[in-house]
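Undergrad: only geometry, no sequence info:
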Ligand SMILES: [Zn+2]
């Protein structure tokens, strides 16, 4: 009887589509409104230490299951964290 899903709707942070979700189950990304990115990730997708002030102003944004899947698959396929060891690319 009390087995209700508290469904709500929101906009997916990644693909901007509106979807309904259970707030207790949905995948949330912490997004810094100033950069539009998670506090620990730079514009180039590399990692950096998250600044406390960046975390403080960040808000959780829901991400739809499709995008969560895509992100996981991308991570598995690339199988490598981004790094800049080989940047700039050498000429030979
Ligand atoms: Zn999405």
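TA: Structure received. What you see is a predicted model; the values in this text were computed from it and never measured. Numbering: from 1, shown residues only.
Undergrad: Is any residue of the lengthiest helix in the chain near the ion?
TA: Counting by DSSP state H, the longest helix found in the chain is helix 65-78. Yes: for helix 65-78, a contact with the ion is found by Cβ under 5 Å from the ion, at residue 67. Bear in mind the C-beta positions are built from the backbone N, C-alpha and C, glycine included.
Undergrad: Name the residues of that helix that are buried.
TA: By neighbour count on 16 or more other Cβ atoms under 10 Å, the buried set for helix 65-78 is residue 67.
Undergrad: Need the contact partners of that helix.
TA: Helix 65-78 is contacted by residues 12-15, 27, 63 when judged by Cβ atoms under 8 Å, 6 or more residues apart in numbering.
Undergrad: Now the buried members of the residues you listed.
TA: Going by neighbour count (16+ other Cβ under 10 Å), those have 12-14, 27, 63 buried.
Undergrad: among those residues, which are within reach of the ion?
TA: By Cβ under 5 Å from the ion, the members of the buried ones among the contacts of helix 65-78 lying near the ion are 12, 14.
Undergrad: Could you dump the buried ones among the contacts of helix 65-78 into TSV and include pLDDT?
TA: Listed next are the buried ones among the contacts of helix 65-78 as TSV, based on pLDDT from 0 to 100:
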residue	pLDDT
12	92
13	88
14	87
27	86
63	89
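Undergrad: any chance of the buried ones among the contacts of helix 65-78 in CSV, with secondary structure too?
TA: Rendered in CSV, the data for these read as follows (DSSP: H, G, I helix; E, B strand; the rest coil):
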residue, secondary structure
12, coil
13, coil
14, coil
27, strand
63, strand
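Undergrad: Spatially, and excluding backbone neighbours, which residue is closest to residue 21.
TA: Leaving aside its sequence neighbours, residue 21 sits nearest to residue 62 (Cβ to Cβ, 6 or more residues apart in numbering; 5.9 Å).
Undergrad: Repeat that for residue 11.
TA: Spatial nearest neighbour of residue 11, excluding adjacent residues (Cβ to Cβ, 6+ apart): residue 18 at 5.4 Å.
Undergrad: Residue 62 is in contact with that neighbour, correct?
TA: No: the criterion here is Cβ atoms under 8 Å, and residue 18 misses it with residue 62 at 10.2 Å.
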